[in-house]
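Asker: below is the sequence, then the predicted model.
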Amino acid sequence: MLSIQNLNKRFGEFSLRDIQLGIDRGDYFVLLGPSGAGKTLLFETIAGIYIPDSGEIILNGRDITSERIGRRNIGLVFQDGAVFPHLSAGENVGYALKMKKLPAKVIGKKVRMLAEQMGIGNLLHRKPAALSGGELKRVAIARTLALDPECLLLDEPLSSIDVQLRHEIMSLLRKLNQSGLTILHITHDYREAFYQANKIAVIDKGRIVQQGTPAEIVAKPASKFIAGFAGIRNYFDFRITGSNTIVVGEKLEIKTTRRIPVSGCVVMGQDCISILPKGETAAGENIFEGRITEVVRFPENTELALEVGIRLHLVVNEVSGLQLKEGETVRISIDAGRLGFLENTGH
Amino acid sequence: MQGVGAKISAFNLVLIVFGGLGLLFIISPLISMFMHTTAGDLFETGLDAEARGSIVRTMLISFFATSLFSVIAVPLAYLLARREFAGKRLITGIVDLPIVIPHSAAGIAILGFISRDSLLGKFAGFFGLNLVGNPAGIALAMAFVSLPFLINSARDGFQSVPVRLEKAALTLGASRLRVFFTISVPLAWRSILTGFILMFGRGMSEFGAVVIVAYHPMITPVLIWERFSAFGLKYARPIAVLFIVICLVFFVVLRMLAGEKKKHHAQHSKPE
């Protein structure tokens, strides 16, 4: 649907390099990356604010690389909404329609329809200064939807919104997506990305470093950077001490039958660490004793930090989590068959 | 803590004393002039057709000059606020030039520019118009010395408009021209209006450049000068006071109009 090929663009010192992205109709595509990675510049280039130095942007088979900005049929919602402060919410929503010189009646009807859809029907007469962050976001999204865009680009749509409202906007966006709208969404928050996306691309220093489904990215992060950025916390450098033995940290010796790369790091996902029931004394390969150093309880689960020579992070469900206390000693088993290895690739 | 507090209030005292002296310096000559003018003098000047005519003429010419040159000044201000180009610093310097050169010298320059044998003079002559000694010439002299105020104020206004609002309008299908008229100008409006008021005021009060270009028809600053040189301080004072009062009333009203909007905005804003 939207395909970006070999896109390059210089912005002074910074540049977007060799960007390749493929977005299918109906995707909820999240571009994940730290601040300064070039996310916004990439979006503004796709929207037509900047023309790339080289490469192509194809939308539904149409080359829009140097198409005029207003004719691309791509909607861009800016990070803070960029709601025009001198116009009322209603005038903001109707701005694009007015630019198309549609009759006032048609504009009014469409504005009311969009406002209802976005839940801002009773705010249309208000000036932006009298709206909250969440309301402004809704106005900005409604204003962009008035264009009937083929795809919607959202730059950090959940920033500067209260936590409670964040979930409302998130479900609103998913609903829009489910109704058939292709959405591209920028964020620096991996939780937001995994919550919303059916596809994720990770961007760093102006390059796309990995793209795939959320499951693919978690299961096989392409680099340490992505592992860290994708919210995977248990990844460690290792030393090879035998044909199928690695040492992590000072002296945590793990045996594995998996192929071990010459250098890189080992990733221990949630599914490869388990806490043994109290009283079970079985010893053996890959069973270690450790101490709980931190317990953080959430309504749905409990997060633990364990010291077993390395610091492991673990999420356990509510029932087993309730019994665990800080300072307690527990035994854990590491399932070596589920270890992941990241080869050093230079990222 | 007390020591720090005492230090600050001593410093404040210094600020107040020096600030007060500065204000006094501005106000006292004006007050003294007002005190030396009786209501009778003012009334008499108000009846004086020559004085009345000159005041109306001064305001009209300055207003006309300011309005006409806004058409040139506002786009230039936008260009300076938004675009980067070679020689921008030079152009910014050129814009400020009329502020720093002596106004009598500016008058000489304008005179050369509009005299009958100049290009502009010949062009005007083609329509049977002599710019020297003509309200059009006065308007040009006023505009020359006061244009920087409008350009600079409008430029500051455009600079304070966030670029991303203009980008947003572009992505919503507006052409650059419509972005300018529907987003940039309305949001910079207060600064443009302030610049307009400053230019208008500066134009009205211009003497040096105007007197060289056109002694007649007489604008009020020239009339004040003539009354002073022919009859002395006593005769020049009432017309000066009257002109100041009218200017002040005008500015207060315009400022209030410009300020009204701000208040309107503030009322609508809700604390976060």
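Answerer: That came in fine, so what should we check first? Residues are numbered from 1 along each chain as shown, chains lettered A, B, ... in the order given.

Asker: now do the helices in chain A.
Answerer: Here chain A has its helices, by DSSP state H, at A:39-47, A:89-93, A:95-99, A:104-118, A:133-145, A:163-178, A:190-196, A:214-219, A:224-229, A:318-322.

Asker: can you mark which positions in stretch A:332-339 are buried?
Answerer: Using 16 or more other C-beta atoms under 10 Å in any protein chain shown as the test for burial, stretch A:332-339 gives A:332-334, A:336, A:338-339. All C-beta spots, glycine's among them, are computed from the backbone N, C-alpha and C.

Asker: contact partners of it?
Answerer: A:254-258, A:266-269, A:271-276, A:285-290, A:306, A:308, A:312 (C-beta atoms under 8 Å, 6 or more residues apart in numbering or on different chains).

Asker: what of stretch B:40-55?
Answerer: B:218-220, B:222-223, B:237-239, B:241-243, B:246.

Asker: ranking the helices of chain A by mean pLDDT, which is last?
Answerer: Mean pLDDT values for these show the minimum at helix A:318-322, a mean of 60.

Asker: so what's residue 162 up against?
Answerer: Since you didn't name a chain, this refers to chain A. Residue A:162 neighbours (C-beta under 8 Å, 6+ apart): A:133-134.

Asker: oops, wrong one, chain B.
Answerer: If a contact means C-beta under 8 Å, 6+ apart, then residue B:162 has residue A:82 as its contacts.

Asker: which residue is nearest the middle of chain A?
Answerer: By C-alpha atoms, centre = their mean, chain A has its centre lying nearest to residue A:193, at 2.4 Å.

Asker: ok, that one to residue A:34 distance?
Answerer: Separation of residue A:193 from residue A:34 (C-beta to C-beta, to the nearest Å) stands at 12 Å.

Asker: which regions of chain A lie under the pLDDT threshold?
Answerer: Across chain A, the ranges flagged by pLDDT under 70 are A:230-231, A:318-322, A:343-347.

Asker: one more time with 50
Answerer: Within chain A, the set of residues satisfying pLDDT under 50 comprises A:346-347.

Asker: how about the residues of it near chain B?
Answerer: A:44, A:47-49, A:69-71, A:74-76, A:78, A:80, A:82, A:84-86, A:95-96, A:99-100, A:126-127, A:129-133, A:143-144, A:146-147 (C-beta under 8 Å from any C-beta of the partner chain).

Asker: pretty sure the residue nearest to the centre of chain A sits against residue A:187.
Answerer: Yes. Between residue A:193 and residue A:187 there is a contact at 5.5 Å, judged by C-beta atoms under 8 Å.

Asker: one step back: just send the helices of chain A back as TSV, with distance to residue B:40 too.
Answerer: Formatted as TSV, the helices of chain A follow (distance: least, C-beta to C-beta, whole Å):
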stretch	distance to residue B:40
helix A:39-47	69
helix A:89-93	56
helix A:95-99	59
helix A:104-118	60
helix A:133-145	61
helix A:163-178	70
helix A:190-196	78
helix A:214-219	89
helix A:224-229	84
helix A:318-322	93
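
Asker: among the ones you listed, which comes closest to residue B:32?
Answerer: helix A:89-93 (52.8 Å; C-beta to C-beta).

Asker: CA-only coordinates of the closest one in PDB, if you can.
Answerer: This file holds the C-alpha atoms of helix A:89-93, laid out as PDB (Å, rounded to 0.1, in the frame of the first residue of the first chain):
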ATOM      1  CA  ALA A  89     -12.200  23.500  17.200                       C
ATOM      2  CA  GLY A  90     -14.900  23.300  14.600                       C
ATOM      3  CA  GLU A  91     -13.000  25.700  12.200                       C
ATOM      4  CA  ASN A  92      -9.900  23.600  12.800                       C
ATOM      5  CA  VAL A  93     -11.700  20.400  11.800                       C
END
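
Asker: what's that helix packed up against?
Answerer: Applying 3 or more C-beta pairs under 8 Å, 6 or more residues apart in numbering or on different chains; DSSP states H and E, one finds that helix A:89-93 contacts helix A:104-118, helix A:133-145.

Asker: for the record, mean pLDDT for the helix or strand containing residue B:8?
Answerer: According to DSSP states H and E, residue B:8 maps onto helix B:2-35. Averaging pLDDT along helix B:2-35 gives 85.

Asker: also stretch B:149-164?
Answerer: 95.

Asker: and that stretch, how far out from the chain's middle?
Answerer: 17 Å (C-alpha atoms, centre = their mean, to the nearest Å).

Asker: which parts of that stretch are buried?
Answerer: So for stretch B:149-164, counting by 16+ other C-beta under 10 Å, buried means B:149-159, B:161, B:164.

Asker: sounds good, over and out.
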